[in-house]
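Participant: kindly generate the corresponding structure for this input.
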Amino acid sequence: MSFWGMGLLGLAALLWTWCAVLLLTPYEVDRKPDDKYPAECEARLLTDDGTANRGIRQNSWCQAERDWPEALLVLGLSVPVSVAGVGLFTTGVVSRRMSAHSQAMRELDRIADSASA
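Facilitator: Model (predicted):
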């Protein structure tokens with residue numbers, strides 16, 4: 001169970017990485033198909049220009065290429081995956097430790113029974 005949890009946490013980490021790439025890396029936009037000189041756009045989160053919020057009014061090429069809803073959707077999808085991963089990982093680890101504790105208690109009971117006999 002803990003391995004499934006680690007797998008889901010790995011998937012959540014990939015989703016977080018994808019969201020960070022969408023928000024923190026600069027990108028290029030083709031103005032037309034097979035454009036030899038595409039428009040260069042700043043990172044969505046770090047821009048001081050109007051491309052992040054006012055791009056539609058300024059008729060910017062960068063306005064809709066990396067939109068906020070896409071990044072927020074990726075981040076939103078990572079939340080239930082993370083919660084399920086943490087739950088499965090925690091349940092697996094606690095189950096394994098409780099089993100080891102139970103085995104140790106049975107061993108102690110066996111030793112105590114053999115010493116009293």
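Participant: just give the number of residues close to Ala100.
Facilitator: Ala100 has 10 neighbouring residues, counting by other Cβ atoms under 10 Å. Bear in mind the C-beta positions are built from the backbone N, C-alpha and C, glycine included.
Participant: looks to me like it is in a helix.
Facilitator: Yes: Ala100 forms part of a helix when assessed by DSSP: H, G, I helix; E, B strand; the rest coil.
Participant: if I look at it, how far off is Pro69?
Facilitator: 47 Å (Cβ to Cβ, to the nearest Å).
Participant: count the residues that sit near Val93.
Facilitator: Neighbours of Val93 (other Cβ under 10 Å): 13.
Participant: doesn't it fall inside a strand?
Facilitator: No: using three-state DSSP, the secondary structure at Val93 is helix, not a strand.
Participant: contacting residues around the residue lying closest to it once chain neighbours are set aside?
Facilitator: Leaving aside its sequence neighbours, Val93 sits nearest to Ser2 (Cβ to Cβ, 6 or more residues apart in numbering; 5.3 Å). By Cβ atoms under 8 Å, 6 or more residues apart in numbering, the contact set of Ser2 is 88-89, 91-93, 96.
Participant: try 7 Å this time
Facilitator: 88-89, 92-93 (Cβ atoms under 7 Å, 6 or more residues apart in numbering).
Participant: as CSV, the residues you listed with pLDDT and distance to Pro38 would be great.
Facilitator: Output for the contacts of Ser2, formatted as CSV (pLDDT from 0 to 100; distance: Cβ to Cβ, whole Å):
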residue, pLDDT, distance to Pro38
Leu88, 94, 43
Phe89, 93, 43
Gly92, 92, 48
Val93, 92, 49
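Participant: could those residues go into a markdown table alongside distance to Ala112?
Facilitator: Formatted as a markdown table, the contacts of Ser2 follow (distance: Cβ to Cβ, whole Å):
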| residue | distance to Ala112 |
| --- | --- |
| Leu88 | 36 |
| Phe89 | 35 |
| Gly92 | 31 |
| Val93 | 29 |
